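Peer 1: Predicted model and sequence below, questions to follow.
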Amino acid sequence: MTNKQRYVTFLMGLLAALYSCRRAGPLPEKLWQAPDTAMIPHTAEGDRIRYGRSLIAHTAQYLGPQGSVAQISNGMNCQNCHLDAGTKPWGNNYGSTASTYPKFRARSGTVESIGKKVNDCFVRSLNGAALDSNSPELQAIIAYIQWLGKDLPKNYKSPGSGIRELPYLPVAADTVKGKTVFLQQCQRCHGADGRGERPAGATEYRYPPLWGPDSYNTGAGLYRLSRFAGYVKYNMPLGTDYQHPLLSDEDAWNVAAFVNSQPRPAKAFPADWPDIRTKPPDHPFGPFSDTFPAIQHKYGPFGPIARQHKK
């Protein structure tokens, strides 16, 4: 074989290898993984951690309308939004909460603690009341969140933490198309009326309501489309994960828009975003630092707003 033939053979092999890699897709990301719950110590602190996990997984049993400890929330569980008790990769998990808090948040304009973050969820996503800062329940939830993030260095946000947001659509999200996606992919769990499913006599929802009086209110993080669309894309329908998404980006944006167009508790938070220049493009409530209408801040297109904010 001549040198030229060897070179051609080499190139053909290289091209074949590259093609194979392209077909196989990118290597899976190394994402945050929750520590094994079997490793929770059998101590008083371990008992607190386990109680915190139970509060996240079964919030309604303790703190819902028929709660055994208090009746301060709407009947949803924290893990209805923070999947698998806050441990699922890209499932709105708590992986990097302990390593990144306390931190400054533009929404409040203050440095926030983990306790403040938790109570915001109770007031907004659970449409209820805040826990007392010294209550055993809040302290247990904080202990669990800190245990989940115990292996991460301070100020490090691990890939897989929180929600993986999607690129903006070039057009507004379409609620009509979103309704079609909902009926095809979501109603079998959440119901055609979006009210979820709670067995007779049960204190917890089997499948949570997406709108209506028992759902998250208009101040919740998932009321922002960029947050909700990314959450839906990599977690829904039930059983979906980030490696095997079922919906396209467009479908995720559209179904998120449809769900957030439905009636839900309205709760005003006039102190949010004290510096209105820091409001994200998809925060739907004024006043705004730009000239785009409120409807565009709710449904998009968000790209023009984001570009103006960068100027």
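Peer 2: That came through, no problem.
Peer 1: What are the boundaries of the helices in this protein?
Peer 2: Under the criterion DSSP state H, helices of the chain are mapped to 3-24, 44-57, 59-63, 83-86, 97-100, 114-123, 136-148, 175-185, 187-190, 225-233, 249-260, 294-299, 303-310.
Peer 1: between the ones you listed, which one is nearest to Lys154?
Peer 2: In terms of Cβ to Cβ, the element of those nearest to Lys154 is helix 97-100, at 5.7 Å. Glycine gets a C-beta too; all of them are placed from N, C-alpha and C.
Peer 1: for that closest one, packing partners?
Peer 2: helix 114-123, helix 136-148 (3 or more Cβ pairs under 8 Å, 6 or more residues apart in numbering; DSSP states H and E).
Peer 1: ok, and what's touching it?
Peer 2: Contacts with helix 97-100, where a contact means Cβ atoms under 8 Å, 6 or more residues apart in numbering, come from 114, 117, 145-146, 148-150, 152-158, 161.
Peer 1: what do you get for stretch 48-68?
Peer 2: 37, 40, 69-79, 82, 85-86, 122, 126, 128, 131, 136-137, 139-145, 147, 203-205.
Peer 1: just stretch 260-270 next, same as before
Peer 2: Residues from elsewhere that reach stretch 260-270, judged by Cβ under 8 Å, 6+ apart: 74, 123-124, 127, 175, 178, 194, 210-213, 215-219, 222-223, 225, 228, 285, 298.
Peer 1: what's the span of that stretch, first residue to last?
Peer 2: Terminal residues of stretch 260-270 lie 20 Å apart, using Cα to Cα, to the nearest Å.
Peer 1: buried ones in it?
Peer 2: Residues 260-261, 264-265 are the ones in stretch 260-270 that count as buried (16 or more other Cβ atoms under 10 Å).
Peer 1: what two of the residues you listed are the furthest from one another?
Peer 2: Ser261 and Pro265 (14.7 Å).
Peer 1: out of the helices of the chain, nearest to Gln33?
Peer 2: Closest to Gln33 of the helices of the chain, according to Cβ to Cβ: helix 136-148, at 10.2 Å.
Peer 1: What mean pLDDT does the closest one get?
Peer 2: In this model, helix 136-148 has a mean pLDDT of 99.
Peer 1: quick one: that helix to helix 114-123, angle?
Peer 2: The directions of helix 136-148 and helix 114-123 differ by 120 degrees, with axes from the mean of the first three to the mean of the last three Cα atoms, to 10 degrees as the criterion.
Peer 1: How about exporting helix 136-148 as PDB, limited to the C-alpha atoms?
Peer 2: Provided in PDB are the C-alpha atoms of helix 136-148 (Å, rounded to 0.1, in the frame of the first residue of the first chain):
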ATOM      1  CA  PRO A 136     -39.300  22.500  63.600                       C
ATOM      2  CA  GLU A 137     -40.800  22.200  60.100                       C
ATOM      3  CA  LEU A 138     -38.800  25.000  58.500                       C
ATOM      4  CA  GLN A 139     -35.600  23.900  60.300                       C
ATOM      5  CA  ALA A 140     -36.100  20.300  59.100                       C
ATOM      6  CA  ILE A 141     -36.600  21.400  55.500                       C
ATOM      7  CA  ILE A 142     -33.500  23.500  55.700                       C
ATOM      8  CA  ALA A 143     -31.500  20.600  57.200                       C
ATOM      9  CA  TYR A 144     -32.700  18.300  54.300                       C
ATOM     10  CA  ILE A 145     -31.700  20.900  51.700                       C
ATOM     11  CA  GLN A 146     -28.300  21.400  53.300                       C
ATOM     12  CA  TRP A 147     -27.800  17.600  53.400                       C
ATOM     13  CA  LEU A 148     -28.600  17.300  49.700                       C
END
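Peer 1: list the buried ones in it?
Peer 2: Quick answer for helix 136-148 (16+ other Cβ under 10 Å): 137-148.
Peer 1: buried residues in stretch 118-134?
Peer 2: 118-128, 130-131.
Peer 1: Asp193 - how many residues pack around it?
Peer 2: Counted with other Cβ atoms under 10 Å, residues neighbouring Asp193 total 12.
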